[in-house]
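Trainee: okay, structure incoming, though there's no sequence with it:
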């Protein structure tokens with residue numbers, strides 16, 4: 001799995017996560033990264049990972065996501081016929097819009 005963006009709070013950095021079995025296929029020079037080898041980004045990433053309490057991001061994402069979905073549902077209620085459905089999990093949300101809808 002590849003990860004980036006939030007790993008260093010917006011500072012360009014990326015990482016590849018793998019099981020030990022998969023990781024054993026890599027050796028120095030067999031893979032590369034656009035954002036690899038930058039001491040500043042690596043220091044920021046390490047700081048983020050060591051200062052963020054375990055589970056805090058998931059809890060905050062769950063709470064923020066719940067609030068966002070509640071507000072999107074309220075918006076759907078106010079705009080019947082324009083928004084067909086709202087669904088999501090955590091901070092990932094989907095809004096199905098009507099194909100054709102009148103001017104707001």
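Mentor: Received it, and whenever you're ready, just let me know what you need. Quantities reported herein were computed from a predicted structural model and do not represent experimental measurements.
Trainee: use CA for all of it now, contacts and neighbours both
Mentor: Noted.
Trainee: list the residues that contact the nearest residue to residue 44 once chain neighbours are set aside.
Mentor: Nearest non-adjacent residue to residue 44, counting by CA to CA, 6 or more residues apart in numbering: residue 8, 5.5 Å away. Residue 8 sits next to 41-42, 44-46, 48 when contact means CA atoms under 8 Å, 6 or more residues apart in numbering.
Trainee: am I right that residue 81 is in contact with residue 98?
Mentor: Yes - between residue 81 and residue 98 there is a contact at 6.6 Å, judged by CA atoms under 8 Å.
Trainee: and the residue nearest to residue 44, how far is that from residue 38?
Mentor: To residue 38, residue 8 is 12 Å away according to CA to CA, to the nearest Å.
Trainee: again with residue 25
Mentor: Taking CA to CA, one finds residue 25 at 24 Å from residue 38.
Trainee: please say which of those two ends up with more neighbours.
Mentor: Between residue 25 and residue 38, residue 38 has the larger neighbour count (other CA atoms under 10 Å), namely 11 against 8.
Trainee: which SS class is residue 54?
Mentor: coil (DSSP: H, G, I helix; E, B strand; the rest coil).
Trainee: now the helices for this structure?
Mentor: Along the chain, counting by DSSP state H, helices occupy 20-23, 39-51, 56-78.
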